[in-house]
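1. need the 3D shape of this:
(2 chains)
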There are 2 protein chains.
Amino acid sequence: MSGPRIERLAIAGVGLIGGSLALAAREAGLVGEVVGWGRTAANLETARARGIVDRVAATPADAVAGADVVVLAAPVRACAPLAEAFRPHAKRGALLTDVGSVKGELVAALEPAWASVGPFVGAHPIAGSEASGAAAARADLFRHTRCIVTPTPATDGDALRRVRVLWEAVGATVVVMTPAMHDGILARVSHMPHLVAYALAAAVGGATVEGAPVLPYAGPGFRDTTRIAGSPAELWRDIMLANADALGAALREFRAELDRLAVLIESGDGAALGAALDAARELRRKLGSE
Amino acid sequence: MSGPRIERLAIAGVGLIGGSLALAAREAGLVGEVVGWGRTAANLETARARGIVDRVAATPADAVAGADVVVLAAPVRACAPLAEAFRPHAKRGALLTDVGSVKGELVAALEPAWASVGPFVGAHPIAGSEASGAAAARADLFRHTRCIVTPTPATDGDALRRVRVLWEAVGATVVVMTPAMHDGILARVSHMPHLVAYALAAAVGGATVEGAPVLPYAGPGFRDTTRIAGSPAELWRDIMLANADALGAALREFRAELDRLAVLIESGDGAALGAALDAARELRRKLGSE
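-> Take a look at the predicted model:
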């Protein structure tokens, strides 16, 4: 591929991210045919009916035959087995990329696994929601978002450029960094907050006071705070396990803040507590409300 | 007052809750004149300009003179001093109520403080957002919400009925329970989640990885999870201090869940982690997405 056009794009895992990428790439006039591959027949049928994919592959060989670009958009720990299944059938020189939320483990596995076929470039679009599946895919999902691309010293320069062009074409701003830096950042802004939201949903969802369940008294604040605990458990299980070290570090930082606030409450130090909450509020306000 | 009409309503603290109650009560045809009292001249002027209050009182005496009902809608720990300031000037028999998010400490202080004037009934509408001030007030804030009313054995039955009528008239479903039960429930669905959100905002808002601030990489999930950390620090400082015991218990429950998940991640137990996340997700899904 000399220009940005992809004659045949294979998407393995036609969910929210994979499906949205296919829709957006097509809308951008970047792709010819899109071939879908996945585990769930009903989801693939939704993807076909919505025009996200032109056809659904019946076998791994059929999925990647003749594809210029293969995108792995499955749960993090399903990606390496998929690459293994595709490798014998891929076109020589085919570019492999992924959208996984953890990069260190995945890049270390996929780069050597694909080396006999063609280049590999890891990527992670920072988009998505607790919604999932092809039904939730939309062409504008990546507009005004960032996509982190994580080359290694071995990454092919032309392949890196092609992946950048793809993500810029669908509306993302591309940021390049190492897999380790990506994983450290995402542990803090995403993986640890997801863990906290799941723990909140579990603790409050099952709690009772004087025999009465507390959940019916939850207001919009609790709903917001735990919204991401509605995300698919399988995806997040894989992410948390694959980024366990950085997640552990982020969790220690969170616990230190929580402990600091808890001590101020227990000691009744209103001045210091007010100042600490106000400082946290100022940091939050940098993000804006939408 | 024999019927539901309130000839003169005094609102002390014309913010999101106090201002919305005034707007909604007026829209329901329940009130004659609304008199506002507060600390911040600019906010009171906004309240007057928006028609939330008919006039702004210049002194505590002016605020409650001739009022049938006095609503304390100030931060939790400002309420008892306000009741003290109003008491000498209140009309004999005037009903005092409040909207505080903590009931035990407040009811214990306000009930005896007001006994020489008239009845007191504690209430807490479960509504609101991180927005604040008279500018954010709206007449529909309490529709489809719950208002918890917390009588004691000493509470006057007619006064309880009047407070119930007021909250039902503005669209809330009234639930009656003890102050202690209220505080146990709210610690879990609201106060502890706020503390967690502030701690998350503080931990992530100040974090760097390889020298780079992580906050610019936060996506919509982090935004949702920390939205309530944009709430006014002074309000939440007071709530946390006034409900420290129940908040401490709720925090222990949350930490136990977080520790349980962290152990599963550290030990790499994918099956148990997946099951735990899925169970948390099911609890969260009971709430719906909006």
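2. okay, CA-based contacts and neighbour counts for the rest of this
-> Fine.
3. could you tell me the end-to-end distance of stretch A:202-218?
-> 14 Å (C-alpha to C-alpha, to the nearest Å).
4. what comes into contact with it?
-> The contact list for stretch A:202-218, computed with C-alpha atoms under 8 Å, 6 or more residues apart in numbering or on different chains, reads B:126, B:146, B:181, B:184-186, B:188-190, B:253-254, B:257, B:279-281, B:283-284, B:287.
5. what sits closest to the residue of the stretch 101-250 of chain A found nearest chain B if chain neighbours are left out?
-> Closest contact between the stretch 101-250 of chain A and chain B, by C-alpha to the nearest C-alpha, is at residue A:225 (3.8 Å). Leaving aside its chain neighbours, residue A:225 sits nearest to residue B:225 (3.8 Å; criterion: C-alpha to C-alpha, 6 or more residues apart in numbering or on different chains).
6. thought the one you found was touching residue A:201?
-> No - using C-alpha atoms under 8 Å, residue B:225 makes no contact with residue A:201, being 11.7 Å away.
7. I'd like the average pLDDT over stretch A:192-199.
-> In this model, stretch A:192-199 has a mean pLDDT of 98.
8. in it, what's buried?
-> Buried residues in stretch A:192-199, defined by neighbour count with 16 or more other C-alpha atoms under 10 Å in any protein chain shown: A:192, A:193, A:194, A:195, A:196, A:197, A:198, A:199.
9. verify the contact between the first one and residue A:253 for me.
-> No - no contact is recorded between residue A:192 and residue A:253 when judged using C-alpha under 8 Å, the distance being 9.9 Å.
10. residue A:73 and residue A:99 touch, don't they?
-> Yes - with contact defined as C-alpha under 8 Å, residue A:73 reaches residue A:99; the gap is 5.5 Å.
11. anything in contact with each of these two?
-> In contact with both residue A:73 and residue A:99: A:17, A:18, using C-alpha under 8 Å, 6+ apart.
12. which residues of the stretch 51-200 of chain A lie near chain B?
-> A:126-129, A:146, A:181, A:184-186, A:188-190, A:193, A:195-200 (C-alpha under 8 Å from any C-alpha of the partner chain).
13. cutoff 6 Å now
-> A:185, A:189, A:198, A:199 (C-alpha under 6 Å from any C-alpha of the partner chain).
14. burial of the nearest residue to residue A:280 once chain neighbours are set aside, as a residue count?
-> Nearest residue to residue A:280 in three dimensions, chain neighbours excluded: residue B:202, at 4.6 Å (C-alpha to C-alpha, 6+ apart). Per other C-alpha atoms under 10 Å in any protein chain shown, the neighbour tally for residue B:202 reads 26.
15. now do the SS call for residue B:202.
-> Classification of residue B:202 using DSSP: H, G, I helix; E, B strand; the rest coil returns helix.
16. is stretch A:229-243 in proximity to chain B?
-> Yes - contact of stretch A:229-243 with chain B (C-alpha under 6 Å from any C-alpha) involves A:229, A:230, A:233, A:234, A:237, A:241.
17. could I get those in JSON lines, plus columns for secondary structure and neighbour count?
-> Listed next are those as JSON lines, based on DSSP: H, G, I helix; E, B strand; the rest coil; neighbours: other C-alpha atoms under 10 Å in any protein chain shown:
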{"residue": "A:229", "secondary structure": "helix", "neighbour count": "32"}
{"residue": "A:230", "secondary structure": "helix", "neighbour count": "27"}
{"residue": "A:233", "secondary structure": "helix", "neighbour count": "21"}
{"residue": "A:234", "secondary structure": "helix", "neighbour count": "18"}
{"residue": "A:237", "secondary structure": "helix", "neighbour count": "27"}
{"residue": "A:241", "secondary structure": "helix", "neighbour count": "21"}
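18. so how far is residue A:52 from residue A:41?
-> 14 Å.
19. who has more neighbours out of those two?
-> Neighbours were counted for residue A:41 and for residue A:52 using other C-alpha under 10 Å; residue A:52 has more, 28 against 11.
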